[in-house]
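*Asks:* give me a model of this one.
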Amino acid sequence: MPRPTKIKPAKPPLLVDPETSARLARIRQKDTAAEQAVRRVLHEFGLRFRIRNRDLPGAPDAANRARRWAVFVHGCFWHAHTGCYRATVPKRNRDFWVTKFADNRARDTRVLRALRRRGYRALVVWECELDDVEKLARRLRTFAGRIVA
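*Replies:* Presented below is the predicted three-dimensional model:
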């Protein structure tokens, strides 16, 4: 017997003033400085990968299908990095943002599970980890060692 589908309640339209809309529109969505830094380190380790992985769950920022690994570079604000000083909740329209961040985190969890079910190793690199590039390089090297071995 088919399972009943859940129907999500319709969300009311978000009213955003033009100034806020323009400010948010200027935020890069791809090829961010954080993504480029992670790619540079991966290349230094001799790892080859593709970007623009729209066919994989969550569209990882870097992935190698042959070796079955993927790396996501998450912005601390947008993905609500727990305990991070960059993961603030705006005071204006707070209920919207709290819901949005919770939805983003739930989606991130679903994506990682879907990738792992496909047999991929996945790593999430947080934007704040770029503050200590040496530590990030060690973390990526450990990940690289696991995928090459």
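*Asks:* Val41 reaches Leu136, doesn't it?
*Replies:* Yes. At 6.8 Å, Val41 counts as touching Leu136 under the criterion of C-beta atoms under 8 Å. No exception for glycine: its C-beta is placed from N, CA and C like everyone else's.
*Asks:* so what's Arg121 up against?
*Replies:* For Arg121, the contact set (C-beta atoms under 8 Å, 6 or more residues apart in numbering) comprises Arg68, Trp69, Ala70, Phe143, Arg146, Ile147.
*Asks:* ranking those by neighbours, who comes first?
*Replies:* Sorting the contacts of Arg121 by how many neighbours each has (other C-beta atoms under 10 Å) puts Ala70 first, at 27 neighbours.
*Asks:* once you drop chain neighbours, what's closest to that one?
*Replies:* In space, not counting the residues next to it along the chain, Ala70 is nearest to Pro60; the distance is 3.7 Å by C-beta to C-beta, 6 or more residues apart in numbering.
*Asks:* quick one: that neighbour and Leu115 touch, right?
*Replies:* Yes. With contact defined as C-beta under 8 Å, Pro60 and Leu115 form a contacting pair (7.5 Å).
*Asks:* mutual contacts of the two, please.
*Replies:* When contacts are counted by C-beta under 8 Å, 6+ apart, the set common to Pro60 and Leu115 consists of Ala70, Ala122.
*Asks:* who has more neighbours out of the two?
*Replies:* Summary of the neighbour comparison: Pro60 and Leu115, criterion other C-beta under 10 Å, with Pro60 having more neighbours (26 against 21).
*Asks:* measure that one to Arg40 for me?
*Replies:* Note on Pro60: its distance to Arg40, by C-beta to C-beta, to the nearest Å, is 17 Å.
*Asks:* before we move on, what about Arg92?
*Replies:* Separation of Arg92 from Arg40 (C-beta to C-beta) stands at 36 Å.
*Asks:* next, Asn104: phi, psi?
*Replies:* In this entry, Asn104 is assigned phi and psi values of phi -60, psi -40 (degrees, to the nearest 10).
*Asks:* mind listing what it touches?
*Replies:* Residues touching Asn104, when contacts are defined by C-beta under 8 Å, 6+ apart, comprise Trp78, His79, Ala80.
*Asks:* go again using 6 Å as the cut-off
*Replies:* Asn104 is in contact with His79, counting by C-beta atoms under 6 Å, 6 or more residues apart in numbering.
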